[in-house]
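Participant: Sequence first, predicted coordinates after that:
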Amino acid sequence: MLRNRVLLVDDEPGPRFGIRRFLKSKGFDVEEADDCASARVKFRAFHPDVTIVDFRLPDGTALDLIPEFHSADGSPVIVLTAYASIDNAVEAVKLGAEQFFTKPVELEALLVVIQRIVGNQRNRRQIQADALTFEGRRRIDPFLGTSDAIKELRDKTEAVLRTDSPILIHGDTGTGKTVLARWIHDRGRRAGEAFVDLNCAGISREFLETELFGHEKGSFTGATATKQGLLEVAHRGTVFLDEIGDMDSQVQASLLKVLEEKRFRRLGDVKDRTVDVRLIAATHRDFRALVEENRFRQDLYYRISTLELFVPPLRERRDDIPLLAESILARLARDLGQKPVALSEDAQRVLCRYDWPGNIRELRNVLERGLLRSHSDVLDASMLALPADVAAPATASPNVVKRSGTLDEVERDYIEQVLREENGLIDRVADRLGVSRSAVYYKARKHHITISKIRN
């Protein structure tokens, strides 16, 4: 869990020391400044959740700082003063101050106000995030299964929970990349904060900019009101950008600035706003090819791929399909108000033979249609509406070279053979194997195959 951050601005070392020690003992991160100039520098670098400002400072007053801090990112300000004045208090509140305390401040009372402020901030961001996301999303355990591929994914995912570095999730359409991103958020240091997601596929540059960064009233035709972007809504939380490979190049440049400087600017605004978010991105595309074709910025690719995860398609984890299907069926029956429904052995066999180009999303749709057609407590293969040839006995491909050894050894040998025959050209290898480019890279990593050494 992230610690809440407080910026304390006071030119008197004694009161500053007492407040800092007290707040740190309550679990807060505290930064200090002793005048307006240093406060501005610390504010931009520290991104505080709350700022406590003494009214009189050597180079100005709290009235100089409140509008700047409040307009930058809506950061709440508490004002302290040794010179009680109703006029000063009223003016400070008008400018956006949350509270006005007279020195010496009662520390427990100060703590109550700070906790209320940060609690309200968290609740507001989560409410906004819930309104912008599909709260009714069907969540499935991203690691449901016993296959080696899913065990490897779990191990690698658990390792990234200790960091806030950007994550790039590779995987075919429908494999559950969004579910995995949400799982990481819910178990990471930002759990409890907002999680917002946006699919970048097929979205125009203008729409993507206003969704991410927000806009000011009148910034373009139709902008009849000021709008917060997803970055502001997700402050201190997580932003998940699905199909980031489809993002417009101009938006890519703006996103890079956010990641490097934690700053952005609403459309039509002249002021920079600070934000602290963790980025998780996902794609079904081959990013190396996108970079080589100048369709994706290389510097942004390096920035978002600090950590990479590969979600295997269902055809590479067929042993997990019965367990997944049973879990999905149980949820569907519960949602539809029906009694639990079991899968027949014949249905399980058919499900395991199908290649599932739409992966888990397609599996859910097939099961839902079957459940609606069935009036029994057992779902049979005849209710699944899959291609007729799926039920036929499986036959070996004539191109497969039979080898002895374990399944992993046979798979590794065959992949190496195809790579050699296609001179390491990933597109051709993917076509031969009937998988995506990302799946080829995943298998190469799994079997420690160095593709560059295979190319002539």
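Facilitator: Noted; the coordinates are in hand. Numbering: from 1, shown residues only.

Participant: mind giving me the domain ranges of this protein?
Facilitator: Each structural domain of the chain that the record assigns through automatic domain parsing is listed here as a residue range: 5-120, 148-312, 315-391, 407-454.

Participant: where along the stretch 301-450 of the chain do the strands fall?
Facilitator: Residue ranges of the strands in the stretch 301-450 of the chain, as given by DSSP state E, counting those that start in this stretch, are 307-311, 342-343, 378-379.

Participant: Hmm, I typed the wrong one, I wanted the stretch 1-150 of the chain.
Facilitator: Listed in chain order, the strands found in the stretch 1-150 of the chain under DSSP E, counting those that start in this stretch are 5-9, 29-33, 50-54, 56-57, 60-61, 77-81, 99-102.

Participant: If the closest residue to Ala109 other than its chain neighbours is in a bridge, with which residues?
Facilitator: By the measure of CB to CB, 6 or more residues apart in numbering, the closest residue to Ala109 outside its immediate chain neighbours is Phe101, 7.5 Å from it. For glycine as for every other residue, the C-beta is placed from the backbone atoms N, C-alpha and C. In this structure, Phe101 has the following beta-bridge partners (DSSP bridges): Leu80.

Participant: Please tabulate the strands of the stretch 301-450 of the chain in TSV, including the columns distance to Glu422.
Facilitator: Listed next are the strands of the stretch 301-450 of the chain as TSV, based on distance: least, CB to CB, whole Å:
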stretch	distance to Glu422
strand 307-311	21
strand 342-343	39
strand 378-379	41
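
Participant: Now stretch 358-371 - C-alpha only, PDB.
Facilitator: Presented in PDB, the C-alpha positions along stretch 358-371 are these (Å, rounded to 0.1, in the frame of the first residue of the first chain):
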ATOM      1  CA  GLY A 358     -11.200 -15.900 -29.500                       C
ATOM      2  CA  ASN A 359      -9.700 -17.600 -26.400                       C
ATOM      3  CA  ILE A 360     -11.500 -17.200 -23.000                       C
ATOM      4  CA  ARG A 361     -13.900 -14.600 -24.300                       C
ATOM      5  CA  GLU A 362     -15.100 -17.000 -27.000                       C
ATOM      6  CA  LEU A 363     -15.300 -19.900 -24.500                       C
ATOM      7  CA  ARG A 364     -17.500 -17.800 -22.300                       C
ATOM      8  CA  ASN A 365     -19.800 -16.900 -25.200                       C
ATOM      9  CA  VAL A 366     -20.100 -20.500 -26.400                       C
ATOM     10  CA  LEU A 367     -20.900 -21.700 -22.800                       C
ATOM     11  CA  GLU A 368     -23.500 -18.900 -22.300                       C
ATOM     12  CA  ARG A 369     -25.300 -19.900 -25.600                       C
ATOM     13  CA  GLY A 370     -25.200 -23.500 -24.600                       C
ATOM     14  CA  LEU A 371     -26.500 -22.800 -21.200                       C
END
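
Participant: now it, how far from the chain's geometric center?
Facilitator: What separates the centre of stretch 358-371 from the centre of its chain is 25 Å, taken as CA atoms, centre = their mean, to the nearest Å.

Participant: what do you get for stretch 370-380?
Facilitator: The gap between the average C-alpha position of stretch 370-380 and the chain average comes to 36 Å, counting by CA atoms, centre = their mean.
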